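*Asks:* give me the fold of what follows.
(2 chains)
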Protein chains: 2
Amino acid sequence: MSVASAVREDRLWQRHADMAKLGGTPKGGVNRQALSAEDAAARNLLAGWATARGFAIFTDAIGNLFVRRDGTDAKALPVLSGSHMDSQPTGGRFDGMYGVLAAFEALEALEDAGVKTRRPVIAVAWTNEEGSRFQPGAMGSAVFAGHNDLHAMLAVRDWKGVVLKDALAETLKAAPAPLRKGKPGFALDGYVEVHIEQGPRLENEHKTIGVVTAIQGSRRYIVEVTGDEAHAGTTPRAARKDAFHSALRIAAAMYEATTDAEDTLRFTIGRVDVSPGSPNTVPGKAVFTIDMRHPAEAVLEVHEAKLAAIVAAGAAPCIAAIERVTAVAPTNFDPKVIDLVRAKANALKLANMDMPSGAGHDAMHIAKLCPTGMIFVPCERGVSHNESENATPSDLAAGARVLAEVLADLANR
Amino acid sequence: MSVASAVREDRLWQRHADMAKLGGTPKGGVNRQALSAEDAAARNLLAGWATARGFAIFTDAIGNLFVRRDGTDAKALPVLSGSHMDSQPTGGRFDGMYGVLAAFEALEALEDAGVKTRRPVIAVAWTNEEGSRFQPGAMGSAVFAGHNDLHAMLAVRDWKGVVLKDALAETLKAAPAPLRKGKPGFALDGYVEVHIEQGPRLENEHKTIGVVTAIQGSRRYIVEVTGDEAHAGTTPRAARKDAFHSALRIAAAMYEATTDAEDTLRFTIGRVDVSPGSPNTVPGKAVFTIDMRHPAEAVLEVHEAKLAAIVAAGAAPCIAAIERVTAVAPTNFDPKVIDLVRAKANALKLANMDMPSGAGHDAMHIAKLCPTGMIFVPCERGVSHNESENATPSDLAAGARVLAEVLADLANR
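*Replies:* Predicted coordinates for the structure are as follows:
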């Protein structure tokens, strides 16, 4: 019996259904924010399943929850897989949770298939990936990787003023697990995360598996256009410095300049503020945000220069400025892990395609520590961060099969 | 001595300075809202000047204040001229007040020049033109013309809950004038209003007098574009229904379609709301307002059809709708009054041009009652509804000279 064939679609689907009850919303989504009572309930449910299968559980100082299946070599570095169990306030049943349950399913499949691995295989549920209650998101993996300071994170407060340290203590009291002493983080041989795509590409191209090559880099900008307020009835166009009119010309040129044949570059104007916002006053100011993403840093660099040139050229008769507010470099996954994922998907005869991840994931922090990769499965219409988020049992099982094969391979290297 | 030469620039300027003290602001503007203590003070000052010159004063049930210089024919219908003394909360010294003081200066000039007229000439200060404390604006002239109901207006409340009737009683108690009994309004032979332009055209074209041919019609619309919210990182452009992107294409086509060689059509997008307004979410909705004005109803009609066609053609892949929320027909002034204003300006060798008014004025109501016209003078950089509003003593005097000549002519017909 292969590890892949030991993956049970019905069991994995039922575990999603069981988890979906914890924080379940009337519209079929979940509200299971980080370190809430619902998060604690999910931890307890996972820990109960793990204990029933004889797997060890432990947690760390930021609350990351680990489920360990031992290997044959006590000194070998472990292979890790997982994602997160917290959700957006009006989130879906699969975002994050699928990655945890697929990793746990892989552990069970290894067990059911009677496969021994040299290295331990560990499933993980990272604390607070969503960042909707406590900022920043991807907190557990960032602390694990040493990118965020543990004590700074423990001091963060939610909007009601609750300190994260207290919410974490409360959560671990309600969902106890042995604590791994010291700073979070330990040496790893590899990390693989599975996730729903959160975009429409796999569905549109009729693929079951996304072989994730990278998490695209992202840059955010603010464009501010300053003109002059004027009377809408009395001021001829030639005498106007209409901030919205200039902003619109700038934005139109930007949409044009960020059109690529492959449709890989992501360019979004998400927030637009026009002031004073009176129907009969020519706008004196227009401000808009830009979110631009691409897997290649060089492409972001080239387009940043284009945006700056457009702002400089398109402002007249107003004045305009563009400011970069954040830049996150792309994460390129390990070629050997990418090749392994693709090879396992092919071996399982699962239609697959290479693709970058459009969204950020815990894997971007862990990729700095060890060879890392990701596996995507389709989600309905690409909808995520939404209570109507959906995926099929067979796609979820397919992703878990690829993961189980990949982990079995990595854990025997 | 001609009537025009009896107009005294220094006296007119001093009266502006005296009035500017009532509600004067540190930045040099005025805050003299309708039926406030400052409004009462302005009424008293005008009434005092009138009484000192031997003119009769009276008021009506909506608080319009009249200053009457008798004619030789007791049965002849009067000629009326004036504007308003109330201001925006951060208004200028000339908006409205100039029209009242110019009319009063014309009465004084007729007196000083010893010119007898067959008809009475009456200066008027209309109540609540600005509409910033009590809505709607142009209230006194609208009630006078029978366009607004007296009792409905008396029942209006300001934002503090003060009923207009009480504020009016308070004002007339502080600034008493004999009350003309009955419903406001009486038969008129003609009406001429002078005003600062509130736009930049006269200044830009180096003209002293604007011969106002019309008050342009205005129409307001709301355009609503509905798309789909989507993840900014994961959703390819081909799969997006980006409401702002569609709104931008629609708006750009509208700016293009409303460009006219004469720069007479006014097209303004003043308010823009994009939701959900998150930098990393593709906008699912975009709503914007349109303010469109032109002196010719037919031009508004043609362009309304163009706007509708643009919305229909430009919405894809979103859906969009345009709704007309208000329509005010243009006011065309009386050709004989227009010709008379132009002739008097030419006779006084004052550089002048025909032009429509971009803003609304009390004259639009009175034009329904009798032959009506308006006279504009330049204001600095076209700025109005602003404490920095400014005009020169000589331009103000020039407008008053044209007015005095026009009134003398009309009053002897």
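
*Asks:* which positions in the stretch 301-413 of chain A make contact with chain B?
*Replies:* Listed as neighbours of chain B in the stretch 301-413 of chain A under the rule Cβ under 8 Å from any Cβ of the partner chain: A:357-360, A:382, A:384-385. For glycine as for every other residue, the C-beta is placed from the backbone atoms N, C-alpha and C.

*Asks:* out of those residues, which is nearest to A:Ala305?
*Replies:* Within these, proximity to A:Ala305 (Cβ to Cβ) peaks at A:Gly358, which comes in at 22.7 Å.

*Asks:* A:Val287 falls within a strand, correct?
*Replies:* Yes - membership of A:Val287 in a strand is supported by DSSP: H, G, I helix; E, B strand; the rest coil.

*Asks:* residues contacting it?
*Replies:* By Cβ atoms under 8 Å, 6 or more residues apart in numbering or on different chains, A:Val287 lies in contact with A:222-225, A:272-273.

*Asks:* nearest to B:Ala17, of those residues?
*Replies:* Nearest to B:Ala17, judged by Cβ to Cβ, of the contacts of A:Val287 is A:Val225 at 38.8 Å.

*Asks:* just list whatever residues bridge to that closest one.
*Replies:* As for beta bridges, A:Val225 partners with A:Ala286, A:Ala320 under DSSP bridges.

*Asks:* in ChimeraX, how would I select the buried members of the contacts of A:Val287?
*Replies:* Listed next is the ChimeraX selection for buried residues among those, using 16 or more other Cβ atoms under 10 Å in any protein chain shown:
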select /A:223,224,225,272,273
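
*Asks:* so which of the contacts of A:Val287 is the closest to B:Leu101?
*Replies:* A:Val225 (39.8 Å).

*Asks:* please report how far the residue sitting nearest the centre point of chain A lies from B:Gly373.
*Replies:* The centroid of chain A falls nearest to A:His361 when counting by Cα atoms, centre = their mean (3.1 Å). As for A:His361, its distance to B:Gly373 is 72 Å (criterion: Cβ to Cβ, to the nearest Å).

*Asks:* try A:Glu405
*Replies:* For A:Glu405, the distance to B:Gly373 - Cβ to Cβ - is 89 Å.

*Asks:* these two - which one has more neighbours?
*Replies:* Under the criterion of other Cβ atoms under 10 Å in any protein chain shown, the comparison of A:Glu405 against B:Gly373 puts B:Gly373 first, with 27 against 23.

*Asks:* secondary structure element for that one?
*Replies:* strand B:372-377 (DSSP states H and E).

*Asks:* also A:Lys116?
*Replies:* Using DSSP H and E, A:Lys116 falls outside every helix and strand.

*Asks:* which residues are in contact with it?
*Replies:* A:71-72.

*Asks:* thinking again about what came up before, and which of the residues of the stretch 301-413 of chain A next to chain B is nearest to B:Ala308?
*Replies:* When these are compared against B:Ala308 (criterion: Cβ to Cβ), the nearest one is A:Gly382, at 32.9 Å.

*Asks:* how much space between the closest residue to the closest one other than its chain neighbours and A:Ala102?
*Replies:* Closest residue to A:Gly382 apart from its sequence neighbours, by Cβ to Cβ, 6 or more residues apart in numbering or on different chains: A:Pro200 at 3.1 Å. Relative to A:Ala102, A:Pro200 is positioned 21 Å away (Cβ to Cβ).

*Asks:* those two - which one has more neighbours?
*Replies:* A:Ala102 (31 against 22).

*Asks:* secondary structure class of that one, three-state.
*Replies:* helix.

*Asks:* may I ask you to confirm that it is in contact with A:Leu12?
*Replies:* Yes - under the criterion of Cβ atoms under 8 Å, A:Ala102 makes contact with A:Leu12 at 7.1 Å.

*Asks:* which neighbours do the two share?
*Replies:* Common neighbours of A:Ala102 and A:Leu12 (Cβ under 8 Å, 6+ apart) are A:396, A:400.

*Asks:* how does chain A divide up, domain by domain?
*Replies:* A:3-215+A:330-410, A:217-328 (automatic domain parsing).

*Asks:* ranking those domains by burial, who's on top?
*Replies:* domain A:3-215+A:330-410 (a mean of 21; mean count of other Cβ atoms under 10 Å in any protein chain shown).

*Asks:* run the chain-centre distance for that one.
*Replies:* 10 Å (Cα atoms, centre = their mean, to the nearest Å).

*Asks:* now do the residue of the stretch 201-350 of chain A found nearest chain B, the pLDDT please.
*Replies:* Scanning the stretch 201-350 of chain A for the residue nearest chain B gives A:Thr234, at 3.0 Å (criterion: Cβ to the nearest Cβ). Listed pLDDT for A:Thr234 reads 91.

*Asks:* please apply the same query to A:Pro136.
*Replies:* pLDDT, A:Pro136: 89.

*Asks:* how near is it to chain B?
*Replies:* To chain B, A:Pro136 is 14 Å away according to Cβ to the nearest Cβ, to the nearest Å.

*Asks:* that residue contacts A:Ala152, correct?
*Replies:* No - A:Pro136 is beyond contact range of A:Ala152, at 10.3 Å (criterion: Cβ under 8 Å).

*Asks:* which residues of the stretch 201-350 of chain A fall in helices?
*Replies:* A:201-204, A:243-257, A:297-314, A:335-347 (DSSP state H, counting those that start in this stretch).

*Asks:* mean pLDDT for the ones you listed - can I get that in JSON lines?
*Replies:* Converted to JSON lines, the helices of the stretch 201-350 of chain A look like this (pLDDT from 0 to 100):
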{"stretch": "helix A:201-204", "mean pLDDT": "95"}
{"stretch": "helix A:243-257", "mean pLDDT": "98"}
{"stretch": "helix A:297-314", "mean pLDDT": "97"}
{"stretch": "helix A:335-347", "mean pLDDT": "98"}
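
*Asks:* any chance of TSV for those helices, columns distance to A:Glu108?
*Replies:* What follows is these, written out as TSV (distance: least, Cβ to Cβ, whole Å):
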stretch	distance to A:Glu108
helix A:201-204	25
helix A:243-257	48
helix A:297-314	39
helix A:335-347	18
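
*Asks:* mind pulling up the phi and psi values for the residue with the largest distance to the centre of chain A?
*Replies:* Centroid-distance maximum for chain A: A:Thr234 at 51.3 Å, with Cα atoms, centre = their mean. Main-chain torsions, A:Thr234, degrees, to the nearest 10: phi -100, psi -20.

*Asks:* looking at the helices of the stretch 201-350 of chain A, which is closest to A:Asn44?
*Replies:* Per Cβ to Cβ, nearest to A:Asn44 of the helices of the stretch 201-350 of chain A: helix A:335-347, 31.6 Å.
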